[in-house]
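**Q** Take a look and give me a structure for this.
(2 chains)
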Amino acid sequence: MSATLSATGGVSFAPVLERKFPDGSVSVERRPAADVPTVVAAPGSFHEAARFLRDDPAAGFDLLLDLVAVDRLKLDGPPSFRGDERFQLNALLYSTKRNEHLRLRVALPATEPRLQTLAEVWPASNWFEREAWDLMGIRFDGHPNLARLLTHNGFVGHALRKDYEAGQRWLCTDEDVLQTALAAKTDLPEDVFETMTLNFGPSHPSTHGTLRIVLRVDGERIVAAESECGYLHRCFEKMSETHTYTQVIPYTDRLNYCSPMINGNGYARAVEQMLGIEIPARARAVRVVLSEFSRIMDHMVCIGANLVDLGGLTTFWYSYQAREEIYSLLEACCGARLTSSYARIGGLSLDVPDNFVEWCRTLGRSVTTHIREVETLLTKNRIFQKRMSGTGVVTKEQAIAWGFTGPCLRASGVGYDVRKDKPYDGYDEVDFDVPVATAGDNYSRYLVRMEEMRQSLRIIEQVVSKLPGGPVVSDDYRVVLPPKEMVYNEMEGLIFHFKNVFEGIQVPAGEIYSYTEGANGELGYSIVSDGSGRPYRVKVRPPCFPLFAAFEKIIIGGMVSDAVATLGTLNIIAGELDR
Amino acid sequence: MNDKKVYLPTARIEPPLAPGVPSTVGSDFLTTKLDALVQWGQKNSLWPMPFGTACCAIEFMSSVSSHYDLARFGAEVVRFSPRQADLMIIAGTITDKQAPILRKIYDQMPEPKWVISMGVCACTGGFYRAYHVVQGVDEIVPVDVYVAGCPPTPENLIHGLIELQKRIQSGELARHREAKTYVPIRVGTDPQVESLPAWSKAVMAPGRSHGREFPEMAESAEAEAAEAEKGSKA
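**A** Next up is the predicted model:
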């Protein structure tokens, strides 16, 4: 985090902003080049600033990525900490037209932090606000349903506040679980002849044991729906705060457990950006190869599991075989099948096996066969087409408003892919296409995923053909463990080793939002450091979260069986949804 | 129990069928104890109900798919309805929010029923010593086999299943159930229950705990309380 930017702070529309808010209530904050540009608003003008950022053509931030609440109680040092302004709320925004990120920041007092809801500016903020209320205790006035989201109703306190003990549990009883607002709701249209409430999940094969939807159905048609998550909220963010930077890596594997490599790489990249270190070219290439294989695994499971839910078990056996073969490669690289913990801050934990290039090529060929097999089973299958085409439709405008990213956004006609639009790890050096569909239905989402797998294979082929040699981990021993010979023979090596193990990596105080393309969309990490060996705050931007938040709106008017198909193509992974 | 192999010219079922199902008399008869026969049947036709929530569920999917094929061990018919299952495989982290649902589903399963706790999260809470995670599903349901690993490899899960089958066949579990004692088995490396100091576990808020309805676990709770008291004096 070295060079700071000029007076505009990387914000191209700074002059317009100044003209719009001459009293200085909304201003540009100077941020290091690695971080996203930031605009700070006073609580009074927060809402107005949000509207301006969305509507002004010079800004045009139409997509809300994330709301990050930070409790600054125990943070000292950074100049932005101002007296009793204990809480900070950061809205992370993206402009699909101008391909730019922005952070809109507001500080809130310690007592009764409250803010006007953003739900009418960016509908995606609905669930993000509920999360901020649940975990951080920030109230949003005018919010339609400000109830707890991730924790249960028997929970007392707000878990991510710094004065909340990490291990303090609260009992959840039957009464806390089974109540929903929808079950009691009676204001339904009069022409509905007879409706009934149907509980769907969390223990239901198509909800993967962790999602719950309460439906009001008229025959088979859904007239109202309410979804609930949090059944797998295992406190990733609180756990990160109690571990060193390196110890967080295993936790990241368990976020999206269908493609664990991508999460670890994204997290390591975020910390590397804070430290301002470069990783060796070989580590970068291996990260890309294994990330792309993970993407294939993720898409394969998504399609396979979706078909199981639809009643076509056969596809699952074919798609899972590809996954087993990729597991073998991962196991050879790092020793674990699923939860790889392969990335390290500064590179990778181990070098790849000698026959890596050859293995990748063989694997590429066999995965191509599996993709073709799955395609033969599905793409022109009439039953499959009838179930998928025209169901679960999300228009382009809806997808943007609901904060979609990844394959689901691209299936609705917006070609935003972080690998292409904000290249990292050498994605700009390889030739690949970003598939985009326009229909926005389940079938398009399936097609986009199928094509993405082929493009991933193209990337892998190009990267392994030029796989650089050399080390897989940086030689900056402030961050990386020195080799054993150095530890045993040199005083300096021993000191580095000791410091790294006992104190953890010392990341300079600061803040970052770093993002990569996960299998489900933009996977972002917001990290706040207080200069110690442990992260002060880690917030993941889970790509699934906005998808599942919109699910209850997508399925209205469709059949219950279409809801199952839609849930499958959205590819909700509870680990990253609930964290 | 007769260990001698008796081969009869017209025997359709080749002996020995299983321990406790010793011999055939004539082509269409076999003599055994009813219990042994039932246990042999139960052992070889386990109907698992996967209570899969997290990463372990993905490895469970590996176990049942083509490569590892759990069907080879008679646990082929995966049921998502607790009413049709007799083996609950808890695969994944159970949170406090999920806990009442787990208990409800367990109660809905008909007797006799068994529980495999798959992975460290289900066994002990794993490395989630946190405000929303159940520190071991034995807070909520009795567990017959603990399978360690994060997540356990499919081989390890299959090992756990075979161990369970052995116990079912020997009648050990049935006897324990009758006597209301409870001796779980651990598979793989130690799921580190004992080795952890008490402070490192996430704790329930004072005055609130899950209603433990099985007496054998209540004893262990008492023992824990006594230990905690001892610790606080020291």
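
**Q** Tell me where chain B is predicted with low confidence.
**A** For chain B, the stretches with pLDDT under 70 are B:1-31, B:176-234.

**Q** What ranges does it have for its helices?
**A** For chain B, the helices defined by DSSP state H cover B:34-44, B:55-64, B:99-108, B:120-124, B:154-170, B:172-179, B:215-233.

**Q** how many other residues sit next to the nearest residue to A:Lys396 once chain neighbours are set aside?
**A** Nearest non-adjacent residue to A:Lys396, counting by CB to CB, 6 or more residues apart in numbering or on different chains: A:Gly413, 4.4 Å away. Heads up, the C-betas are built off the backbone N, CA and C, glycines and all. A:Gly413 has 18 neighbours, counted by other CB atoms under 10 Å in any protein chain shown.

**Q** Tell me who's in contact with A:Gly413.
**A** A:Gly413 sits next to A:396, A:399, A:436-438, A:440 when contact means CB atoms under 8 Å, 6 or more residues apart in numbering or on different chains.

**Q** contacting residues for the residue of the stretch 251-400 of chain A found nearest chain B?
**A** The stretch 251-400 of chain A approaches chain B most closely through A:Tyr257 (3.8 Å), counting by CB to the nearest CB. Residues counted as contacts of A:Tyr257 (CB under 8 Å, 6+ apart) are A:338-339, A:573, A:575, B:54-55, B:58.

**Q** Which pair of those residues spans the longest distance?
**A** A:Thr339 and A:Ile573 (13.8 Å; CB to CB).

**Q** neighbour count winner among the two?
**A** A:Ile573 (29 against 22).

**Q** Surely the more buried one is in contact with A:Asn520?
**A** Yes: contact criterion CB atoms under 8 Å: A:Ile573 and A:Asn520 qualify, at 6.9 Å.

**Q** which residues are common contacts for the two?
**A** In contact with both A:Ile573 and A:Asn520: A:256, A:544, using CB under 8 Å, 6+ apart.

**Q** which residue ranges form the strands in the stretch 251-400 of chain A?
**A** A:343-344, A:347-348 (DSSP state E, counting those that start in this stretch).

**Q** B:Val78 is nearest to which of those?
**A** Nearest to B:Val78, of these and by CB to CB, is strand A:343-344 at 33.8 Å.

**Q** helices or strands up against that closest one?
**A** helix A:260-275 (3 or more CB pairs under 8 Å, 6 or more residues apart in numbering or on different chains; DSSP states H and E).

**Q** before we move on, the earlier item: most packed of the helices of chain B?
**A** helix B:120-124 (a mean of 28; mean count of other CB atoms under 10 Å in any protein chain shown).

**Q** Put the alpha carbons of it into PDB.
**A** C-alpha atoms of helix B:120-124 as PDB (Å, rounded to 0.1, in the frame of the first residue of the first chain):
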ATOM      1  CA  VAL B 120     -15.000 -32.900  13.000                       C
ATOM      2  CA  CYS B 121     -17.700 -30.100  12.800                       C
ATOM      3  CA  ALA B 122     -20.400 -32.600  13.600                       C
ATOM      4  CA  CYS B 123     -18.200 -34.500  16.100                       C
ATOM      5  CA  THR B 124     -16.900 -31.500  18.100                       C
END
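
**Q** who touches it?
**A** A:234, B:54, B:56, B:90-94, B:117, B:126-128, B:133, B:135-137, B:143, B:146-150, B:191-193, B:196.

**Q** The same query, at a cut-off of 6 Å, please.
**A** B:90, B:93, B:117, B:126, B:136-137, B:146, B:150, B:191, B:193 (CB atoms under 6 Å, 6 or more residues apart in numbering or on different chains).
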